[in-house]
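Q: Got a predicted model here, sequence first, then my questions.
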Amino acid sequence: MDITDPAELTEITATPMPAHRDEWEELLLADTELLGRIASTIDGAFHVLFPARIVQNIKAFQDTFVRYGVNGRIYYGKKANKGASVVRACRTAGAGVDVASVGEFRASLGDGIAGTDLVVTGPAKSDALLALAVREGALIAVDGPDELDHLHAIVAAITAAGHELTARILLRVLPPGSHSRFGLTGEELDLAVKRVDPNSISLEGFSFHLSGYRSIARAELAAALIPRCLEARGLGHRADTLSIGGGFGVDYVPEAAWRAFIDGVNPAWFHGDRAPAPDSYYPYHCPEPGPDMLAAILRHDDLGDRLRTAGITLAIEPGRALLDRAGSTVFTVQGRKTRTAHGRDYQILTVNGTSLSLSEQWFNTEYLPDPVLWPRHTGDMTPACVGGTTCLEDDMLSRRRIPLPRPAEIGDLLIYPNTAGYQMDSNESAFHDLPIPPKVELSASDGNAQFGWRFDR
């Protein structure tokens with residue numbers, strides 16, 4: 001890890017936030033040529049994906065289900081990253097995909113996911129999406145009474161055309177006390193269960209999504225829905241699945257780094273003394289990330305045992321957690337300036353991309369894991385903020401002054417770590433007619449420290 005000696009830091013320099021890194025990342029950064037060759041070939045910002053890590057992440061969730069004796073189903077939340085290699089990794093590992101548009105649905109089919117391994121979420125789905133889901137046998141999370149009406153009509157139309165198909169659904173639950181615009185109230189659920197015709201629509205269970213990263217809240221709501229499943233069975237429905245959605249935390253940085261940042265953060269660490277609100281940051285340290293959070297959910301009040309006894313499959317829809325440490329974003333430094341704040345010099349770097357490639361920057365907050373300056377060699381610690389190549393004053397990839405291990409030079413690369421989950425392409429656009437950064441898929445054979453690479457899709 002690149003950890004700057006705290007004694008070198010100045011009052012304008014943020015504390016280091018070194019990211020956890022896997023062996024593949026260390027090998028990539030240690031390679032003295034590969035990143036430079038890719039950067040020269042692309043001549044612009046680009047993203048790196050390592051699908052083997054995604055397979056590993058999926059397996060860790062699967063192993064947790066096995067350890068607790070629970071029948072589990074994993075659907076990757078595709079909105080977290082559009083990469084085709086991500087979906088192919090899901091296919092390899094035996095995971096399904098959570099989609100919310102016709103485009104995502106068709107792309108998943110094209111990358112080898114069977115329709116029956118897709119779950120369709122989102123509000124007020126179009127008739128085209130519902131019809132596609134019915135034809136392909138996908139599971140549909142119904143968000144409202146009107147959507148159930150549309151679905152009945154679509155199934156009737158398909159049947160009238162001579163095709164005998166049954167729609168597979170979950171009913172999405174509005175969590176008690178929530179002001180969410182998604183899901184059905186308790187009264188609406190009662191009516192919906194009674195209105196579903198088992199001859200044309202198979203009610204396979206219930207689903208919900210919770211904001212935040214609290215394992216106990218998810219466990220308690222899942223437990224509260226077990227009786228709903230049993231009641232629905234009494235009305236002739238299958239009702240053997242509960243989906244608790246996503247929101248599985250990711251541990252980006254060590255606890256000590258996170259605590260030092262949160263306890264010491266001040267506006268002087270940021271360009272223009274503009275620090276985000278204290279409560280705006282993603283929790284970059286998570287004590288129970290990903291599979292550990294799933295284990296905590298299954299342990300709470302013996303939820304795993306209760307699901308097993310009731311014969312219920314627990315479905316999850318992780319996005320960010322399946323992409324943990326599976327990708328990075330690479331920019332080339334194409335400009336630098338020296339400025340002074342509070343009597344101290346620092347660099348303003350301009351890179352050949354924009355902050356649209358770090359989605360966190362567009363939610364009035366900051367992406368905190370430190371980028372790596374490449375090539376890696378020693379020098380004098382230099383605080384630096386990082387701006388994008390657009391004409392927008394607020395196009396800042398890092399307003400925070402990062403303690404770089406040496407002054408950056410034009411032509412150097414900055415590699416932002418762990419960006420595969422939501423950061424890479426959620427907000428990207430061709431602003432200024434700049435190219436959208438392509439994704440590069442890395443592969444490595446066993447025992448070979450050399451990477452192969454190709455463009456994703």
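A: Received, thanks.
Q: who's in contact with Arg400?
A: Counting by C-beta atoms under 8 Å, 6 or more residues apart in numbering, Arg400 makes contact with 14, 269-271, 366, 368, 385. Any C-beta I mention is one placed from the backbone N, CA and C, and that applies to glycine too.
Q: closest to Gly247 among these?
A: Closest approach between the contacts of Arg400 and Gly247, by C-beta to C-beta: Leu368, at 19.3 Å.
Q: Give me the nearest residue to that closest one, chain neighbours excluded.
A: Leaving out its chain neighbours, the residue that sits closest to Leu368 by C-beta to C-beta, 6 or more residues apart in numbering is Met17, at 4.8 Å.
Q: Can I take it that the one you found is in a helix?
A: No. Judged by DSSP: H, G, I helix; E, B strand; the rest coil, Met17 forms no part of a helix; its state is coil.
Q: How about the backbone phi and psi for it?
A: phi -130, psi 70 (degrees, to the nearest 10).
Q: is it true that it touches Asp370?
A: Yes. Under the criterion of C-beta atoms under 8 Å, Met17 makes contact with Asp370 at 4.9 Å.
Q: tell me the secondary structure for Ala107?
A: Looking at Ala107 with three-state DSSP, the answer is helix.
Q: For it, give its distance to Ile12.
A: 45 Å (C-beta to C-beta, to the nearest Å).
Q: what about those two, which has more around it?
A: Ile12 (21 against 18; other C-beta atoms under 10 Å).
Q: Please look at that one and Thr340 and confirm they touch.
A: No. Contact between Ile12 and Thr340 fails when scored by C-beta under 8 Å: they sit 9.1 Å apart.
Q: Return every residue with contacts to both of the two.
A: Tyr346.
Q: Alpha carbons only: can I get stretch 54-67 in PDB?
A: Provided in PDB are the C-alpha atoms of stretch 54-67 (Å, rounded to 0.1, in the frame of the first residue of the first chain):
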ATOM      1  CA  ILE A  54     -16.200 -11.100  -9.800                       C
ATOM      2  CA  VAL A  55     -16.400 -14.900 -10.000                       C
ATOM      3  CA  GLN A  56     -14.600 -15.000  -6.600                       C
ATOM      4  CA  ASN A  57     -17.000 -12.600  -5.000                       C
ATOM      5  CA  ILE A  58     -20.000 -14.600  -6.200                       C
ATOM      6  CA  LYS A  59     -18.500 -17.800  -4.900                       C
ATOM      7  CA  ALA A  60     -18.000 -16.100  -1.500                       C
ATOM      8  CA  PHE A  61     -21.800 -15.300  -1.300                       C
ATOM      9  CA  GLN A  62     -22.600 -18.800  -2.500                       C
ATOM     10  CA  ASP A  63     -20.400 -20.400   0.200                       C
ATOM     11  CA  THR A  64     -22.200 -18.300   2.900                       C
ATOM     12  CA  PHE A  65     -25.500 -19.700   1.800                       C
ATOM     13  CA  VAL A  66     -24.100 -23.300   2.000                       C
ATOM     14  CA  ARG A  67     -22.500 -22.700   5.400                       C
END
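Q: Identify all contacting residues around it.
A: Residues outside stretch 54-67 that contact it (C-beta under 8 Å, 6+ apart): 71-72, 74, 76, 86, 89-90, 92-95, 290-291, 294-295, 298, 314, 316, 318, 321-324, 326.
Q: Narrow those residues to those that are buried.
A: Neighbour-count burial (16 or more other C-beta atoms under 10 Å) applied to the contacts of stretch 54-67 gives 72, 74, 76, 86, 89-90, 93, 95, 290-291, 294-295, 298, 314, 316, 318, 321-324, 326.
Q: Looking at those residues, which are in strands?
A: 72, 74, 76, 314, 316 (DSSP state E).
Q: just curious, which of these is nearest to His179?
A: Ile316 (23.9 Å).
Q: May I ask you to confirm that the closest one is in contact with Thr241?
A: No. Taking contacts as C-beta under 8 Å, Ile316 lies outside contact range of Thr241: 11.2 Å.
Q: overlap in contacts of the two?
A: Arg73.
Q: thinking again about what came up before, and the residue nearest to Leu368, how far is that from Tyr284?
A: Applying C-beta to C-beta, the value for Met17 to Tyr284 is 7 Å.
Q: any idea where the helices of the protein begin and end?
A: 23-30, 34-42, 51-67, 84-93, 102-110, 127-136, 145-160, 186-195, 215-234, 255-264, 290-299, 303-310 (DSSP state H).
Q: for the residue nearest to Ile216 when sequence neighbours are not counted, what are its contacts?
A: With sequence-adjacent residues excluded and distances taken as C-beta to C-beta, 6+ apart, Ile216 is closest to His300, at 5.6 Å. Listed by C-beta under 8 Å, 6+ apart, the contact partners of His300 are 215-216, 219-220.
Q: what's the closest of the ones in strands among the buried ones among the contacts of stretch 54-67 to Leu189?
A: Closest to Leu189, out of all of those and judged by C-beta to C-beta, is Leu314, at 19.0 Å.
Q: Hmm, that closest one is touching Arg308, no?
A: No. Using C-beta under 8 Å, Leu314 makes no contact with Arg308, being 9.7 Å away.
Q: what sits in contact with each of these two?
A: With C-beta under 8 Å, 6+ apart as the test, Leu314 and Arg308 both reach 70-71.
Q: Next one: the residue nearest to Cys286 when sequence neighbours are not counted from Arg214, what distance?
A: Nearest non-adjacent residue to Cys286, counting by C-beta to C-beta, 6+ apart: Gly249, 3.5 Å away. Look at Gly249 and Arg214: by C-beta to C-beta, they are 10 Å apart.
Q: where does Gly447 land on pLDDT?
A: As predicted, Gly447 sits at a pLDDT of 53.
Q: which of Gly249 and Arg214 has more neighbours?
A: Neighbour count, other C-beta under 10 Å: between Gly249 and Arg214, Gly249 has more, with 24 against 15.
Q: how about the residue positioned nearest the centre of the chain, what does it touch?
A: Centroid-nearest residue in the chain: Arg320, 2.3 Å away (criterion: C-alpha atoms, centre = their mean). By C-beta under 8 Å, 6+ apart, Arg320 lies in contact with 77, 80, 246, 248, 250, 421-422.
Q: measure the nearest residue to it once chain neighbours are set aside to Leu29 for me?
A: Nearest in space to Arg320, with sequence neighbours left out and distances taken as C-beta to C-beta, 6+ apart, is Gly421 at 3.4 Å. Separation of Gly421 from Leu29 (C-beta to C-beta) stands at 20 Å.
Q: These two - which one has more neighbours?
A: Gly421 (23 against 20).
Q: I'd guessed that one sits against Lys78; true?
A: No. Assessed by C-beta under 8 Å, Gly421 is found out of contact with Lys78, at 11.9 Å.
Q: Can you pull the residues that touch both of the two?
A: Common contacts of Gly421 and Lys78 (C-beta under 8 Å, 6+ apart): Gly319.
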